[in-house]
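Undergrad: coordinates for the following, if possible.
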Amino acid sequence: MLCKSMRSKSIKILSFEEVNILARTIWGEARGEKLPGMEAVASCIMNRVIKSQARGGHWWGNDVIDVCKKPYQFSCWNKEDPNLSKMLEVNEEDKAFASAKRIAKRALRGSLVDRTNGATHYHAAQILPWWAKGRTPIAEIGHHKFYKNIG
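TA: Next comes the predicted model:
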């Protein structure tokens, strides 16, 4: 018989492909960040997934893989990105990727705390993309600024 705590908690079975794509996206976008910065990027991705699903399939996509690989949303997946091949080849011997994989699992299980306050967009602090002009970030974590209510 299962103890009460085990009965009350359901364990989500994670797809290898979802974990893999999310971890690679986190690594590709935030491998130079400390843990909070990597977690913030993961939260931003998951916020897009949640928002897309709530809208019955927003243009970002219906799941983690669609959202991560949506063209020109996360630069690490752009075919012209010089780091794409590195991202596709990285493995758990790389400490940042091992961290990204742990973060991805927590995000997919719903146990990652969202310190971005619901952000769906971010950019590196040293640049200002057109979509961020005149907007105030809701969070600054690591080397990124985070925003919500963008499109």
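
Undergrad: output the below-cut-off pLDDT ranges for this structure.
TA: 1-12, 151 (pLDDT under 70).

Undergrad: centroid-nearest residue for it?
TA: With distances taken as C-alpha atoms, centre = their mean, Ala42 lies nearest the centre of the chain, 2.6 Å away.

Undergrad: from the chain's centroid, how far away is the helix or strand that contains that residue?
TA: If you go by DSSP states H and E, Ala42 is part of helix 35-54. Taking C-alpha atoms, centre = their mean, to the nearest Å, one finds helix 35-54 lying 5 Å from the centre of the chain it belongs to.

Undergrad: kindly report the same for stretch 57-64.
TA: Distance of stretch 57-64 from its chain centroid, counting by C-alpha atoms, centre = their mean, is 13 Å.

Undergrad: just the CA atoms of it, as PDB, please.
TA: Listed next in PDB are the C-alpha coordinates belonging to stretch 57-64 (Å, rounded to 0.1, in the frame of the first residue of the first chain):
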ATOM      1  CA  GLY A  57      -3.000  27.000 -29.900                       C
ATOM      2  CA  HIS A  58      -1.300  30.400 -30.100                       C
ATOM      3  CA  TRP A  59       1.100  31.000 -32.900                       C
ATOM      4  CA  TRP A  60       4.100  30.000 -30.600                       C
ATOM      5  CA  GLY A  61       2.900  26.400 -30.800                       C
ATOM      6  CA  ASN A  62       1.000  23.900 -28.700                       C
ATOM      7  CA  ASP A  63       3.800  22.200 -26.700                       C
ATOM      8  CA  VAL A  64       7.300  22.700 -25.500                       C
END
